[in-house]
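Colleague: Just a sequence and a predicted model for now, questions to come.
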Amino acid sequence: MMAVFDAVEYNHHTLLEAMNQSPDEEIEVLNLNGQRYLGCGWKNHKSLILHGTVGNNLGAFCEGPTILLYGNGQEGVGNTMSAGEIIVHGRVGDIAGYSMRGGSLYIRDDAGYRLGIHMKAYQDKSPLIVVGGRSGAFLGEYMAGGTIIILGLNDPGFSPIGPYCGTGMYAGEIWLRGEVPSNHVADNIKAEVFQEKARLEVIMPHLQRFAACFGYDMSIILDKPFTRLTVVDKRIFSRLYTGFAG
Amino acid sequence: MKIQSNSEYCLGCGLCRIYCAAAHDGYNGSVIRAFKKGTPQARAGLIEHQQQSWINTCRHCQDAPCINACITGALQKNNEGIVFIDGQRCVGCLTCVMVCPFGHIQPSLDFSRAVKCDLCRDLAEAPVCVSHCPNGALRLIEEV
Amino acid sequence: MKYLIIGSCIAAAGAVEGIRSIDPEGEITVIDGEQRGCYSRPLISYYLTGRRTSSQLDYRPADFFAQQRVRIIPGRAASIDVICKQVLLQDGTGLEYDRLLLATGASPVIPPIPGITQSWVNTFYTWQDAEEISAQTAAKGTAVVLGSGLIGLKAAEALHHMGMKVVMVEKQSHILPRLLSPRSAAAVGGHLQRHGLKVVTGHEVVAVGNHEVAVDDGSSIAADLLIIAVGTRPNQDLAREAGLQTDRGIIVDCHLRTSDPHIWAAGDVIESRHIVRGTDEVMALLPLAHREGFIAGLNMAGSRTRYPGGIFLNAVHILGMHIITAGDPETTGSILRWQEGERCLELTMQGQNLHRYIAINIPGISGPLTALIERQVKIPESEWFKFLRNPAIANLPAAYWAEVRRWQDDGSLRCG
Amino acid sequence: MSLSMLTPAFTVERNQDRCIGCGVCVKQCGNSVHHKDEDGFMWVIDKNCVGCHRCAVLCPTQALAIKEFPAALRPNSYWSTSSLREIYAQAETGGVLLTGMGNPRPFRSYFDHLLLNASQVTNPSIDPLREPMELGTYLGSQVSSLGEREKPLLKLDMPIMFSAMSYGAVSLNVQKSLARAAREKGTFWNTGEGGLHSDLQEYAASTIVQVASGRFGVNPDYLNQAAAVEIKIGQGAKPGIGGHLPGEKVSADVARTRMIPAWSDAISPAPHHDVYSIEDLAQLIETLKVATNFEKPISVKVAAVHNISAIASGMVRAGADIVAIDGFRGATGAAPMRIRDNIGIPIEIAIAQVDQRMRDEGIRDQASLVAAGGIRNSADVVKILALGADAVYIGTAALIALGCHLCHTCFTGRCNWGIATTEAQLSKRLNPELGAVRAANLLQAWEHEIKEMMGGMGINAVDSLRGNRLMLKGIGLEQHELDLLGITAAGY
């Protein structure tokens, strides 16, 4: 059974309450207009199909649900998410995937600042973010694990990332479609350009999933080389301090 | 009664042995006097094995092999279940040492007799190893 | 239930404790042939030198039998009527039983040497032997000790302490032949010689004259006292005459029952299972006698407790030297050795099993080694090599500590 | 650099008349100060000594004395010895000075300039041993209107809780000790930002879980099993900067609890990057309320800084049920020394100001106020409650109860008392059974003392003490300080 809610009939809190009380495994919400915290803290495997523009912290702290958004997300999509899948047919605001520990986030268009900040892997969990468009500044700041892929499919003339990419990053991988201006990347980051498709083996399933979600042709996605950004020194702060008993 | 040694919290510091030594052989518990004036002997060994440590003290077995093997009747069990050596009767044959599967009973320093844990039965309070363990790794189990 | 025990020594005491742990009511009668109660034979050398008084020879407190409500009948058993379940004493008294224990012990072997029955020749086995010797040693002359087993050694030490000049004569090629390897025996022999004891090995006494002993190399030794200590033999005549199965000792099953279903036997008189060797042996050892007695007692009172067998084990203290050995004295395995001055440790391995150890002046380590032999815990030689770098309890192989944990977990050693 | 100009901080003196050569000191020193040769000769390396006193406390003959190293530099009341030492250290390494525990500088302690009142004639004092005395209190928003969802509250049997100290910064045995003591005494302990270890889940009902910028160990289960959730914005020892647990301390078990890979650095950014404003804070608070189905009070912890009363007011308006303020004496496992020693304000002034501001704005009942940072004894507790706090957090005092000797070297991870370490061989030095007893004893002792002081004032419920500044007088304070604290001088 699928429950269908029309967001126009609910305020902020009543919508959340109604959704929480619904026993259905699939919930569809129409006409969203800025309602926050949808799917927040959910620990289940429900499906949420959302239409319209959601408010902040979509799927924050969640562990398991599948969220399909036909529209734009705002700030904090997938904030501190542990597991599940969020697919956004549109763009998202800042700090999407903040401190994400698992699950995946597919964004058709652009993402804002600090995408994937402090993402981290844990045991068999490795968080994933794929962005079809571009991302803002400070991509992958403090990143400690997982994978971020930025495809830059919509604006072929521009860099897919903003400045200060990978600042304070100490683990994980960022993959960028195309060759990237080095002045956008933090000092501690090593950029490798892979021309051959064979080298893309590890991200290929993610690219295929992205193409399937949003109806892209793989040949368009693969028409450029990919640049992989990784960390040179994992312990960048190890020489910063002098222990002093005082 | 017996002392239970919890190696999870045993630090291997050896204070149990020091206080044990000072409590026996007439030193009356003064560590400085015992070690500066005499050659005190601890009744229990400290075992350090693969990063773990514990005190190798007497289990005060119910069918104590040492009591049954003692040729002089010096090894006895009192009505609290404490296995002890009557120093007057011991001739130092060390048969008890030979049959203690835990290796707890040891010869005295001059090999003239055997010594073992007597749970400080002459003291009113808990055995000194228990009361001086800095980390609560030793406990006196009361049930007989 | 009427329990009857022939013999009053260690096995008897164990049996009384075993019976009473199950049956507090049954009537227990002990026939005490020596009329001395339960005393410890190994202490007679200390009695001889005066280090122990007569009452200090007791293995259990003087009121032990009374405490356990045991009737003591002085006298010696003459025969057993297994049909009527009755024991006849030498004085003609008949004692009926429901369950009988033979704890008749052993007696010293008197070798068939001409002249050996003279009055200056003594055995050294009972408190009476000690008293008789004591009466003869006022002169402080020379004593010859025949045999260098434990009894001979302790006799020699006692006589040495009493100021006598002592000569030991051992037929075998080295002293303590049943306990030591030739190499360790040499160390012990050297120690005895340094203390002034004379040791003659590889020779036997062929005749005994008037205060003179003739040796097979033609020499003779003038002596004031001759002690015979060439071994003991089970007192199994009663059993044999009653038709029980016997061999070198009384034959018992794993519950220490004889071939008669109402009769058990324990102590120095039986053949029992040697754990390491897997054969039945006469093992006249105090700790085993108690354990056998105790288990026989349990079974007489209705239990079905298995006697697991034992191993040879000896702790002897001679002129300041501590010798502890346990296991199979005739083992032929590979020998691992550690030595530091007067201290040495010798381990004999058969594959991964420890079959024997000899510890000289390093007694503290012996208990766990005994346990490892008794339980036949498998430990590779390489582990023992590591241990022998510094043979202390803390350095015992990990398998030992696993074994200790197991005893505690499975309750095979019940701790108080 | 071969030459170090740093002379040892301490010297270890061994009284040979007392030393029995037992070697306990050698085994107990994790810093390799004590050594014993094969022949029994004992010697020390002074420069390794941090002054933790482990050896001196365990020495069975009291043969050891730890003294300040007598390197008498020419006295200079401006260029102190420590100023010189700090420069020598930095000149050698070029590093930011990293240190542990709380601010040791001789700033004025307002606690020490406050005096309590007692009843004489005009009203009766109360004997707490014979008459009822209520130390219990509730934390959370006390405001509710008809039809509104019931607001969750934390019920405390006494107004003292254990501060946030994460597993990793402290050993698991510290947390076990505090959790047990908290449960036994009807109060709460706080996980810090290191996750909740599986061994401690049985204490969840006595646990406040923290959500800090690194979000370590945070998932729906973590949030929902706790009694309350605390958003950590800042801490008194290092206002304005983040946390950094070096990879060396991230053992497999710490990593499991934090849900990060083992032996990797665990960095908490200075800000929560989803909180750049009061409005953003309101959003994070609400997110956590939604995630916990509005069943948990949400606390927000900040460091006491210059405009704290405005910040706290904003926090209350953002929906915080509990406002926790950590003063500049608050401690830490590791902080840059300059930050620790120069940033923030005293908790006494912060609480007085925040309480007053909340009253003035009519929002005092919307949130409870918890004071932290430098509470040393029960009198400090009574004074801070009278200045306006509902309850206190104690951290340093709790660690001292467990054996901490304030050697300020937590950052090494080699704590000889088994407190600030994750090394198994050191952690085991703190038996949580004993630790729990010691921590509970401390709470019990303070509880009695607080009752005594309250009884003397004629107050029989801690709620009547809260904000009761008539019970406080200042001594040796300037008028502007009295005004800040909202009290009058002794004698008035």
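Modeller: Arrived safely.

Colleague: center of chain D - which residue?
Modeller: D:Gly395 (2.6 Å; Cα atoms, centre = their mean).

Colleague: That one reaches D:Phe162, doesn't it?
Modeller: Yes - assessed by Cβ atoms under 8 Å, D:Gly395 is found in contact with D:Phe162 at 7.0 Å. Where C-beta positions appear, they are placed from N, C-alpha and C, glycine not excepted.

Colleague: contacting residues around the residue of chain A at minimum distance from chain D?
Modeller: Distances between chain A and chain D by Cβ to the nearest Cβ are smallest at A:Gly41, namely 2.7 Å. A:Gly41 is in contact with A:60-62, D:220, D:223-224, D:287, D:290-293, counting by Cβ atoms under 8 Å, 6 or more residues apart in numbering or on different chains.

Colleague: Make CSV from these and add pLDDT to it.
Modeller: Output for those, formatted as CSV (pLDDT from 0 to 100):
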residue, pLDDT
A:Ala60, 96
A:Phe61, 96
A:Cys62, 96
D:Pro220, 95
D:Leu223, 96
D:Asn224, 96
D:Thr287, 95
D:Val290, 94
D:Ala291, 95
D:Thr292, 95
D:Asn293, 92
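
Colleague: which stretches of the stretch 151-300 of chain C form helices?
Modeller: C:182-194, C:237-241, C:286-300 (DSSP state H, counting those that start in this stretch).

Colleague: can you tell which of the ones you listed is closest to chain D?
Modeller: helix C:182-194 (27.3 Å).

Colleague: Please state the offset of the closest one from the chain centre?
Modeller: Computed by Cα atoms, centre = their mean, to the nearest Å, the separation of helix C:182-194 from the middle of its chain amounts to 22 Å.

Colleague: average model confidence for that helix?
Modeller: For helix C:182-194, mean pLDDT rounds to 91.

Colleague: Domain map for chain B?
Modeller: B:1-57+B:120-144, B:62-116 (automatic domain parsing).

Colleague: Over to chain A?
Modeller: Taken from automatic domain parsing, chain A resolves into A:1-90, A:99-235.

Colleague: is it possible to export these to a markdown table including distance to C:Glu271?
Modeller: Output for the domains of chain A, formatted as a markdown table (distance: least, Cβ to Cβ, whole Å):
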| stretch | distance to C:Glu271 |
| --- | --- |
| domain A:1-90 | 72 |
| domain A:99-235 | 64 |
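
Colleague: Looking at these, which is nearest to D:Ile231?
Modeller: domain A:1-90 (12.0 Å; Cβ to Cβ).

Colleague: gap between the two ends of the closest one?
Modeller: End-to-end span of domain A:1-90 (Cα to Cα, to the nearest Å): 27 Å.

Colleague: if I pick the closest residue to C:Ser259 other than its chain neighbours, what's in contact with it?
Modeller: Nearest residue to C:Ser259, sequence neighbours excluded (Cβ to Cβ, 6 or more residues apart in numbering or on different chains): C:Gln245, at 4.1 Å. C:Gln245 makes contacts with C:251, C:258-259, as judged by Cβ under 8 Å, 6+ apart.

Colleague: mind checking how far C:Gln245 is from A:Ala18?
Modeller: C:Gln245 sits 92 Å away from A:Ala18, going by Cβ to Cβ, to the nearest Å.

Colleague: my guess is C:Leu372 is in a strand, correct?
Modeller: No - under DSSP: H, G, I helix; E, B strand; the rest coil, C:Leu372 sits outside any strand and is assigned helix.

Colleague: for stretch C:163-173, the distance to its chain's centre please.
Modeller: 21 Å.

Colleague: buried sites along it?
Modeller: By neighbour count on 16 or more other Cβ atoms under 10 Å in any protein chain shown, the buried set for stretch C:163-173 is C:164-172.

Colleague: Closest one of these to A:Val231?
Modeller: C:Gln172 (78.7 Å).

Colleague: Which residue, neighbours along the chain excluded, lies closest to that closest one?
Modeller: C:Thr201 is the one closest to C:Gln172 (Cβ to Cβ, 6+ apart), at 6.8 Å.

Colleague: and the residue in chain B positioned nearest to chain A, what does it touch?
Modeller: Residue nearest to chain A within chain B (Cβ to the nearest Cβ): B:Leu11, separated by 23.4 Å. Residues counted as contacts of B:Leu11 (Cβ under 8 Å, 6+ apart) are B:53, B:134-135, B:137, D:27-28, D:428-429.

Colleague: what separates B:Asn79 from B:Cys66, distance-wise?
Modeller: In terms of Cβ to Cβ, B:Asn79 sits 18 Å off from B:Cys66.

Colleague: Settle it for me: which of these two has more neighbours?
Modeller: Neighbour count, other Cβ atoms under 10 Å in any protein chain shown: between B:Asn79 and B:Cys66, B:Cys66 has more, with 27 against 6.
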